[in-house]
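With the sequence up front, the predicted model follows.
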Amino acid sequence: MGKEGNGKLAGLFGNPFTPGYGRRPPHLAGRESQIYDIFKHVGATANGELVARDVLIYGPRGSGKTALLREIAEKLENLGVHTTLELMTATDMQSAEDARRELIGVVGQPLWEALKPQEWGLDWRGVQAKWQRGELSRNDVRKGLVAKCKSKPLILLIDEAHLMSPAACGELLNEMLTIRGRGGPAIVVLAGKPQLAELGNLSQVSFLERGEIMSLGLLDEQSSGDAVRIPLGKAGIGIAETALRRVISECQGYPQFLQLWGSALWQRASELGKKMLDDSDITEVDPVMRLEREEIYLGRFAGWKGADRELLVDIANHLVRDGWEERPKLEAIVKSILLRQNRESDECAALVDRMVESDFLWRPRGQPRMLPALPSFVSFVSKQGEPGYSD
Ligand SMILES: Nc1ncnc2c1ncn2[C@@H]1O[C@H](COP(=O)(O)OP(=O)(O)OP(=O)(O)O)[C@@H](O)[C@H]1O
Ligand SMILES: [Mg+2]
C-alpha cells in the first residue's frame with residue numbers, strides 16, 4: 001500500500017469530533033454559566049438540601065441540550081456524590097400515570113431495597129404488581145419516595161422533555177414539589193426543544209414562575225473557536241488564526257456545524273500527516289461542508305409543502321430584509337400572507353408554532369423577538385423563492 005493509502009486509513013480512526021446528535025463533544029465549549037447555574041440547584045440537592053426550583057433548559061435542535069445533560073451527569077458521577085442519578089428521555093411519558101410509573105421505576109428498586117416495608121410485599125416485583133393493581137395507595141408510594149430521597153437524594157435529568165404531554169409534565173413537577181415539601185431532597189432537570197416553553201406546555205403548573213429556566217442558543221465566537229481548536233490541539237494539530245476565523249464565520253456558532261468542521265479538518269490533517277492547518281485546508285474542506293449544510297437545510301425545509309412553503313419563503317424574505325420581529329408583529333405578517341393566499345387567519349398561531357417546532361425561529365430567554373434558530377437556514381429558505389431555486 002502506498003503512502004496515500006496509509007494516509008486515508010489514518011483518517012478513519014481516532015477522530016475526536018462528534019458530528020451527529022446526542023454525542024458528547026470532545027470539548028463542551030461556552031456553557032460554563034449554564035453548568036454553574038444548574039449546579040447551584042443540582043449540587044445543593046446532592047448535598048441533601050431542599051431546593052426551591054426545578055430546572056428547565058430549552059434550545060433548538062443541535063444546540064447541545066443532550067451534551068449538556070451528559071456533562072452534568074458525568075460531573076456528578078466524577079464527584080462521587082451519594083445520589084440516585086438518572087438520565088432518561090421523556091419518550092414514554094404521555095400521561096400522569098406514565099410520569100408516576102417512570103418516577104417510581106427510577107427510585108422503586110433501590111427504594112424497596114432500602115425500606116423493605118412489610119406491608120408492601122416480598123420483593124420489588126410484588127410492589128410493582130400491587131401498584132399496577134391499585135392496591136398500593138399513592139400516599140403509600142409517596143411516603144416511600146420521600147423516605148428514599150431523604151436517605152439518598154434524587155436527581156432526574158430528562159431529555160426530549162418537549163415530548164411529554166402537559167399532564168405528564170405537570171404530574172412529575174408536582175410530585176417533585178410534594179416530595180421536597182415533605183423533606184425529601186429531589187430535583188428534576190428538563191431539557192427540550194423551544195416549544196417546551198413556547199407552546200405553554202408548562203403554564204399549567206406555573207413552572208414559568210417556579211422554575212430555573214434557561215435557553216441554549218448559538219455559541220459566541222470565542223467558544224466556537226475553542227470547540228474546534230482545543231480538540232485539534234490535543235490531537236497535536238495546530239490551526240492558523242485566519243483559518244480558524246473562517247471556520248467560526250462559516251459555523252455561525254452552531255455546535256453541530258462546529259463538530260462537522262472539526263471532524264473534516266482532523267481527517268484532512270491525519271490523511272496528509274499535517275501538523276498545522278492553514279487557509280488552503282479551509283478552502284479544500286469548504287465545498288464538502290457546504291454540501292452537508294445544504295442537505296441539513298433541505299431536510300428541514302422538506303416538511304413545508306404547497307401554500308405553507310410559499311408562506312415560509314415570504315416570511316424568510318421579510319426577516320432577511322427587515323430583521324427579526326416580536327411574536328405579535330410576526331403573527332400580523334403571517335395573517336396578511338394568509339389573507340393574500342385566501343386562507344383563514346386563524347391558521348396563524350399554529351403556523352408560527354410550527355416555525356418554532358421545525359427550528360426555523362425561536363425565542364431565547366429574555367429576548368422579546370423571535371430569532372432564527374440558524375441565521376443561514378433563514379437565508380437558505382429565502383433563496384428558495386428566487387427563480388431557478390423552487391422545486
Ligand atoms: N457546547 C458545545 N461545544 C461543542 N460542541 C457541542 C456543544 N454542544 C453540543 N455540541 C455538539 O453538537 C452536536 C449536537 O449536540 P446535541 O445532540 O447535544 O444537541 P441537542 O440540542 O440535544 O439536539 P436535539 O434537539 O436534536 O436533541 C453534537 O455533535 C455535540 O457533540
Ligand atoms: Mg438531544
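Received the coordinates, thanks. Ligands and ions are numbered 1, 2, ... in the order given.

Can you name the residue of the stretch 251-391 of the chain nearest ligand 1?
Proximity of the stretch 251-391 of the chain to ligand 1 (CB to the nearest ligand atom) peaks at Pro255, 3.3 Å away. From N, CA and C alone the C-beta is placed, and that goes for glycine too.

Can you tell me how far that residue is from Met370?
Pro255 is 21 Å from Met370, where distance means CB to CB, to the nearest Å.

what's the answer for Asp314, then?
Counting by CB to CB - Asp314 and Met370 are separated by 15 Å.

For the two, indicate the residue with more neighbours.
Taking neighbours as other CB atoms under 10 Å, Asp314 and Met370 compare with Met370 leading, 24 against 19.

Tell me the confidence at the more buried one?
Looking at Met370, its pLDDT is 92.

Enumerate every residue touching Val313.
381-382, 384-385 (CB atoms under 8 Å, 6 or more residues apart in numbering).

Out of those residues, which comes closest to ligand 2?
Val381 (23.2 Å; CB to the ion).

what residues are up against that closest one?
Counted by CB under 8 Å, 6+ apart, Val381 has contacts 297, 301, 312-313, 316, 360.

okay, now the domains of the chain?
32-215, 219-301, 303-383 (automatic domain parsing).

can you give me the mean pLDDT across the second one?
In this case it means domain 219-301. On average, domain 219-301 scores 96.

Now do the residue in the chain that ligand 1 sits nearest to: how many residues are near it, please.
As assessed by CB to the nearest ligand atom, ligand 1 sits closest to Gly64 within the chain, at 2.5 Å. Here the number of neighbours of Gly64 (other CB under 10 Å) works out to 30.

With Lys274 instead?
Neighbours of Lys274 (other CB under 10 Å): 15.

Same question for Met289.
A count of neighbours around Met289, defined by other CB under 10 Å, yields 18.

Next up, identify which helix or strand Val381 is on.
Element membership for Val381 (DSSP states H and E) is helix 375-383.

in that helix, what counts as buried?
Under the neighbour-count criterion of 16 or more other CB atoms under 10 Å, helix 375-383 has 375, 377-378, 380-383 buried.

Next: stretch 221-239.
Those would be 223-232, 235, 237, 239, for stretch 221-239 by 16+ other CB under 10 Å.

That one close to ligand 1?
Yes. With CB under 6 Å from any ligand atom as the criterion, ligand 1 is reached by stretch 221-239 at Ala227.

Most neighbours of all the contacts of Val381, which one?
Across the contacts of Val381, neighbour numbers were computed from other CB under 10 Å; Leu312 holds the maximum, 26 neighbours.

what residues are up against Asp286?
Contacts of Asp286 (CB under 8 Å, 6+ apart): Glu250.

So is the helix or strand hosting it next to ligand 1?
Per DSSP H and E, Asp286 falls inside helix 279-302. No. Figure legend: helix 279-302 not in contact with ligand 1 (CB under 6 Å from any ligand atom); closest approach 11.4 Å.

Can you tell me how far the residue nearest to Gly30 when sequence neighbours are not counted is from Gly20?
Nearest non-adjacent residue to Gly30, counting by CB to CB, 6 or more residues apart in numbering: Ser223, 2.7 Å away. Computed with CB to CB, the distance linking Ser223 and Gly20 is 20 Å.

cool, and Leu298?
Distance of Leu298 to Gly20, computed by CB to CB: 18 Å.

all strands of the stretch 51-200 of the chain, in order?
With DSSP state E, counting those that start in this stretch, the ranges of strands along the stretch 51-200 of the chain come out as 55-58, 84-89, 154-159, 186-192.

Ligand 2 is nearest to which of the ones you listed?
Ligand 2 lies closest, by CB to the ion, to one member of the strands of the stretch 51-200 of the chain: strand 154-159, at 5.8 Å.

Could you list the paired strands of the closest one along with their orientation?
When pairs are called by DSSP bridges, strand 154-159 turns out to pair with strand 84-89 (parallel), strand 186-192 (parallel).

circling back: so for the helix holding Val381, mean pLDDT?
pLDDT averaged over helix 375-383 gives 93.

swap in stretch 313-327?
Mean predicted confidence for stretch 313-327 is 93.

Stretch 138-155 now?
85.

tell me which residues in it are buried?
Result for stretch 138-155 [16+ other CB under 10 Å]: buried residues 140-142, 144-150, 152-155.

ok so, going back, residues touching the residue of the chain closest to ligand 1, list them.
Taking CB under 8 Å, 6+ apart, one finds 25, 28, 31, 216, 255 in contact with Gly64.

now Leu312
301, 304, 355, 360, 381.

Would you point out the most distant pair within those?
With CB to CB as the measure, no two of these lie farther apart than Phe301 and Met355, at 12.0 Å.

ok and the helix holding Asp286 relative to helix 375-383, angle-wise?
60 degrees (axes from the mean of the first three to the mean of the last three CA atoms, to 10 degrees).

So which bits of the stretch 51-200 of the chain are right by ligand 2?
Counting by CB under 5 Å from the ion, the stretch 51-200 of the chain comes close to ligand 2 at 65-66.

what about 6 Å?
Neighbours of ligand 2 within the stretch 51-200 of the chain, by CB under 6 Å from the ion: 65-66, 159.

ok, of those, which one's closest to Gly14?
Among those, Thr66 lies closest to Gly14 (CB to CB), at 22.9 Å.

Give me the nearest residue to that closest one, chain neighbours excluded.
Nearest one to Thr66, counting by CB to CB, 6+ apart, is Gly22 at 4.7 Å.

and that neighbour, backbone torsions?
Dihedral pair for Gly22: phi 80, psi 10, per degrees, to the nearest 10.

mind giving me CSV with the domains of the chain and columns for distance to Lys8?
As requested, the domains of the chain are exported to CSV (distance: least, CB to CB, whole Å):
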stretch, distance to Lys8
domain 32-215, 29
domain 219-301, 6
domain 303-383, 31
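
right, and the ones you listed - which one's nearest Phe13?
It is, among the domains of the chain and with distance given as CB to CB, domain 219-301, at 8.3 Å.
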